[in-house]
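[1] Could you look at this predicted model? Sequence included:
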Amino acid sequence: MDPAVKKTVLRWFTYGLHAVTAADGDEFALMTANFVTQSSFTPPHLTVAVEVESKTHRLIEASGAFAVNVYGADQRDLAGQLGRTSARSPEKVEGVAWRPGPETGSPLLADCLGWLECRVTGSLPSGDHTVYVAEVVEAGVNREGGPLIMSEAGFRHSG
C-alpha cells in the first residue's frame, strides 16, 4: 500500500469534532476526538474510538461512562486546546467551564452546542485505540449553532 495514497483517501472522510470527556471520582479528562458516530437508533448508541495511552481512556475504563460534547463552528480554538495530550499539556483544561452530567458525572462543557452522556456497553481493541460502544442515557442542548467539522477547522488526522 502506498502510504501517501492511504493518507489522501482517509483525509477525504468527513468528521465532526467533539469533546469526549470522562470522570472517575475527582479526576476528569477532556479531549478532542473525531472518531465518533451514531451506531444504533433503538436504543440509541454511539461508537467512539479513544487512544489507549490517553487519560480519557483510563477514566472511561474506570467509570464505564463518558460524554460527547458537540463543538460549535466557532470553537476551533477550544478544539485545538483540548486536542493536546494531557501528559504534555496538563494545563489544557484550565479555564474550560463544565459541570458533571446528571447520569454519569462525565464533564458537560458549558459552551458547546450540546452533549450526550453515555454508558459503555462494549469495547474492542483497534490498533492504538479502543473502540467503545455506548448507550446514550441523557442528552442536552446548550445553544443553537452549526457544528465544527474537521475540514472547515483546518485540522487533519494523521491518516
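    Yes, it's here. Residues are numbered from 1 along each chain as shown.
[2] Where does the prediction get shaky in the protein?
    Within the chain, the segments meeting pLDDT under 70 span 151, 153-159.
[3] What residues are bridge-paired with the residue nearest to residue 141 when sequence neighbours are not counted?
    Closest residue to residue 141 in three dimensions, ignoring its sequence neighbours and counting by C-beta to C-beta, 6 or more residues apart in numbering: residue 114, at 4.2 Å. (Glycine included, C-beta is placed from N, CA and C.) Beta bridges link residue 114 to residue 70, residue 141, judged by DSSP bridges.
[4] count of neighbours near residue 114?
    Applying other C-beta atoms under 10 Å, we find 18 residues neighbouring residue 114.
[5] Then the one 10 residues further on?
    As a burial measure, residue 124 scores 11 neighbours (other C-beta under 10 Å).
[6] need the contact list for it.
    Applying C-beta atoms under 8 Å, 6 or more residues apart in numbering to residue 124 gives the contacts 130-131, 133.
[7] Show the buried residues in those residues.
    Neighbour counting with 16 or more other C-beta atoms under 10 Å marks 130-131, 133 as buried within the contacts of residue 124.
[8] Let's see which of these end up in strands.
    Secondary structure of the buried ones among the contacts of residue 124 is defined by DSSP state E; positions in strands are 130-131, 133.
[9] re earlier: same list, the buried ones among the contacts of residue 124, but as TSV with distance to residue 87 please.
    Conversion of the buried ones among the contacts of residue 124 to TSV gives the following (distance: C-beta to C-beta, whole Å):
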residue	distance to residue 87
130	17
131	22
133	26
